[in-house]
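Novice: one predicted model, sequence on top.
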2 protein chains.
Amino acid sequence: MSDLQLLGKKAKAAAVETALYSAEKKKNILLAMAKILRQQTDKILKANKEDLDRAVQNQMAPSLQDRLKLDEKRIESMAVALEEIAQDTDPLGQEMERIIRPNGLLIRKVRVPIGVIGVIYEARPNVTSDVAGLCLKAGNAVVLRGGKEAFSSNQAITELLRQALREEDANEDSVQLVTDLSRESAVGMMQMTDYLDLLIPRGGAGLIRTVVRESRVPVIQTGEGNCHLYVDRAADLSMAVSILENAKVSRPSVCNACESLLVHKEIAETFLPKAAEMLAKNGVQVFACERALPFLPQAELATESDFAAEYLDLKLSVKVVDSLEEAVSHIRRYGTHHSEAIITSDPLSAAKFQKEVDAAAVYWNASTRFTDGGEFGFGGEIGISTQKLHARGPMGILALTSYQYQIDGNGQIR
Amino acid sequence: MSDLQLLGKKAKAAAVETALYSAEKKKNILLAMAKILRQQTDKILKANKEDLDRAVQNQMAPSLQDRLKLDEKRIESMAVALEEIAQDTDPLGQEMERIIRPNGLLIRKVRVPIGVIGVIYEARPNVTSDVAGLCLKAGNAVVLRGGKEAFSSNQAITELLRQALREEDANEDSVQLVTDLSRESAVGMMQMTDYLDLLIPRGGAGLIRTVVRESRVPVIQTGEGNCHLYVDRAADLSMAVSILENAKVSRPSVCNACESLLVHKEIAETFLPKAAEMLAKNGVQVFACERALPFLPQAELATESDFAAEYLDLKLSVKVVDSLEEAVSHIRRYGTHHSEAIITSDPLSAAKFQKEVDAAAVYWNASTRFTDGGEFGFGGEIGISTQKLHARGPMGILALTSYQYQIDGNGQIR
């Protein structure tokens, strides 16, 4: 049995115990985890320093170094996140539905854990404690596989989380880190149907596509976002500029940022110059269709690949459309089913857009940046699902649960 | 573009329309489908005759020929099933949840279709109309791939369903049948991530395992059932015999039939002879552990493979256990997460068993045979999920839906 198989086997055994922990016990574990992260901040920072030194040696881009870097404030946030999860309602055992059948059978649909959840993620080391906390709260064991850039940090954090589990007389194998980060071990994880119930990739489009393509373990596809903002002919134009600015500029590297602007032809002439001014001020590079170009002095001509691009950068594609229908069909062609928005004062247009656009979150007069577990009030999130099975959109604790039917009878036969 | 790709592309286009059909329109289509099956019964019987003639030529087993055979009564049942689906509540557009955020955003979680659903199934031709009806009701397009044994019947039924769609001015490509039944086309279907949103295999364990292993399209695993009946020390023994008889004998070839009996050691001596009598009367062959053998005169010694077997036949494995805990851990080892039952008069034992057994349906004092969409009151069912993602247990219309978040604001930015 390989190390990875052994780790999977331990996780499966731990999951049986974790599923039965009381709400109180899980709360105590999560609080102990938060406490130990605070107490051992120095230990985490020391490990993080090793990762950062390696990053400098390897000439990692400064923006990636920033994602990797931990400081006291960031570790404090990790602890606070665990405390918030601790205070959330325990999801397990909730009766989701109750059916009484004519034959007297009582059928209860009851929330249960999924089992063992594997998470493959990239740079940020805070994901380690966030994901472990959410999985544990939902009664699952977790197998973490972070990026090699953050290896020392992830190892230090995981060791502390496991120490907290031991202190609370819980099975430390509820939280495990894969230490062999070879290509083979990634493939091995994707084949581990005996031990993993679910695999969640968090990271760039390349990682996600590889996992979706190669995994035999059920996967939830997360995160790719080619998000559109459609400014309808009946839009409040200053609201449209403000929302565009927020959606494009506030954090261009995230999946819920706006990548493409669609503008109704009747307002192109008045709206686009206002948008151009705001975009120029923020240093956004613009790629526009032929009809939009005349109103966007600094824009270049867009190609097909611009409309398909998730830039994750201060770049924006712009297209003038003849109608709401054309906006919807453009989104159908280029969208990634993540977040889409319409700006309009016409409630019928808004309703039509929301009904016909096939995305996890469809906004009327609000920024796409709100697609986020915290902003939806879910507490933390484990990712944003862009598929339709099991969970869609921001995935909070409930997305990490399943259900079973418990049926009570008094001798019924069929 | 291959024929299969073309079919997928048509299905995707049809799904966009199907998703937006009104409840009224879908009801009319389903009623038209029922009507045309009744009117054209002769056409279906003629096609079915071709399948049956081929079956005789190929010396198909009589039990399989019976599954394949249609008659007026069975076609009437297919029509009635479509009428029942027509009368069910339309699931789409239902507001499942409503969240108002402190910033004033109104977040509605609204039920939507999945898109295009592929179903790979074996012998029974009634599956063709049942599955098409359920998928359509939930606003989905469906790509059907029935077994080659039922090819002529499936083709006749599909053609009639498509005729009903045309008559109701609906897109006939909402229901399509794959006519190339080669191994290559099966593989092609499992790779068709551009066009299929979900693949459901219905059939034997071999088919299901192949699809789960090879599919890149998300799969829902259905149907394998190594179901246990555990008779606790506090059981009403005559109830236990009656439930065992129903669970084992009433229809041994189905996935919710009982395959294995676990008996608490304290009642083995009194219960097993009663069980033996009933089993002998019904011609059930018994494979028992060493401790059970003395009380089961006609039994053979069970091997490891007996406890792992889904017999789907008049066969039963029997094991004496020391405790409820041993029963639970035996089920953890050999069960397939389908349906499990405890017979006991002790509510605490029942609660412990239901909480600790990891299966879609866990019964207290009732037969495992109730795991069925109809018996749960779901109307029809598309299969019984034995996995934990998306849907678990009997899958009715709601299991064929997803959701999206529709968010209304008045200019909110983050």
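Specialist: Cool, the structure landed.

Novice: residue A:352 in helix, strand or coil?
Specialist: helix (DSSP: H, G, I helix; E, B strand; the rest coil).

Novice: now residue A:278, what's its secondary structure?
Specialist: Secondary structure for residue A:278, judged by three-state DSSP, is helix.

Novice: count of residues packed around it?
Specialist: By other C-beta atoms under 10 Å in any protein chain shown, 15 other residues sit near residue A:278. (C-beta placed from N, C-alpha, C; glycine too.)

Novice: look up how far residue A:246 lies from it.
Specialist: Separation of residue A:278 from residue A:246 (C-beta to C-beta, to the nearest Å): 11 Å.

Novice: and for residue A:192?
Specialist: From residue A:192 to residue A:246 the distance is 41 Å (C-beta to C-beta).

Novice: ditto for residue A:323
Specialist: From residue A:323 to residue A:246 the distance is 26 Å (C-beta to C-beta).

Novice: who's more crowded, the two?
Specialist: Between residue A:323 and residue A:246, counting by other C-beta under 10 Å, residue A:246 is the more crowded of the two (22 against 14).

Novice: excluding chain neighbours, what is closest to residue A:315?
Specialist: Once flanking residues are discounted, residue A:315 sits nearest to residue A:285: 4.7 Å by C-beta to C-beta, 6 or more residues apart in numbering or on different chains.

Novice: residues in contact with that neighbour?
Specialist: Going by C-beta atoms under 8 Å, 6 or more residues apart in numbering or on different chains, residue A:285 touches A:300, A:314, A:315, A:316.

Novice: tell me which of these fall in strands.
Specialist: Mapping those onto strands (DSSP state E) picks out A:300, A:315, A:316.

Novice: doesn't residue A:279 make contact with the last one?
Specialist: Yes: between residue A:316 and residue A:279 there is a contact at 6.6 Å, judged by C-beta atoms under 8 Å.

Novice: what about these two, which has more around it?
Specialist: Set residue A:316 next to residue A:279 and count neighbours by other C-beta under 10 Å: residue A:316 wins out with 30 against 26.

Novice: need the contact list for that one.
Specialist: A:248, A:258, A:259, A:260, A:261, A:279, A:284, A:285, A:286, A:287.

Novice: what is it paired to in the beta sheet?
Specialist: residue A:286 (DSSP bridges).

Novice: show me what contacts residue A:366?
Specialist: A:243, A:341, B:105, B:407, B:408, B:409, B:410, B:411, B:412, B:413.

Novice: out of these, which two sit at the greatest distance?
Specialist: The most widely separated members of those, counting by C-beta to C-beta, are B:408 and B:413 (14.7 Å).

Novice: could you list every helix and strand in contact with the helix or strand of chain A with the lowest mean pLDDT?
Specialist: In chain A, the helix or strand scored least confidently by mean pLDDT, DSSP states H and E is helix A:205-214, which has a mean of 86. Where contact means 3 or more C-beta pairs under 8 Å, 6 or more residues apart in numbering or on different chains; DSSP states H and E, helix A:205-214 is packed against helix A:183-190, strand A:198-202.

Novice: touching chain B at all, the last one?
Specialist: Going back to what we said before, that points to strand A:198-202. Yes: residues of strand A:198-202 contacting chain B under C-beta under 8 Å from any C-beta of the partner chain: residue A:198.

Novice: write the ChimeraX selection for whichever of the contacts of residue A:366 are buried.
Specialist: Selection of buried members from the contacts of residue A:366 for ChimeraX, criterion 16 or more other C-beta atoms under 10 Å in any protein chain shown:
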select /A:243,341 /B:105,407,408,409,411,412,413
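
Novice: so of the contacts of residue A:366, which ones are in helices?
Specialist: residue A:243 (DSSP state H).

Novice: surely residue A:92 and residue A:114 touch.
Specialist: No: the criterion here is C-beta under 8 Å, and residue A:92 misses it with residue A:114 at 11.1 Å.

Novice: more neighbours: which of those two?
Specialist: residue A:114 (24 against 20).

Novice: other SSEs contacting the lengthiest strand in chain A?
Specialist: Criterion DSSP E: the longest strand present in chain A is strand A:401-412. Strand A:401-412 sits against strand A:106-113, helix B:237-249, strand B:361-366, with contacts defined as 3+ C-beta pairs under 8 Å, 6+ apart.

Novice: quick one: contacts for residue A:332?
Specialist: Taking C-beta under 8 Å, 6+ apart, we find residue A:332 in contact with A:357, A:358, B:16.

Novice: quick one: what helix or strand has it in it?
Specialist: Element membership of residue A:332, judged by DSSP states H and E, is helix A:324-334.

Novice: that helix vs strand A:361-366, what angle?
Specialist: 140 degrees (axes from the mean of the first three to the mean of the last three C-alpha atoms, to 10 degrees).

Novice: what comes up buried for helix A:324-334?
Specialist: Within helix A:324-334, the residues that count as buried by 16+ other C-beta under 10 Å are A:324, A:326, A:327, A:328, A:330, A:331, A:334.

Novice: and it, how far out from the chain middle?
Specialist: 25 Å (C-alpha atoms, centre = their mean, to the nearest Å).

Novice: cool, stretch A:365-379 as well?
Specialist: In this view, stretch A:365-379 has its centroid 11 Å away from the chain centroid, taken as C-alpha atoms, centre = their mean.

Novice: one more: stretch A:200-207?
Specialist: That offset, for stretch A:200-207, works out to 10 Å (C-alpha atoms, centre = their mean).
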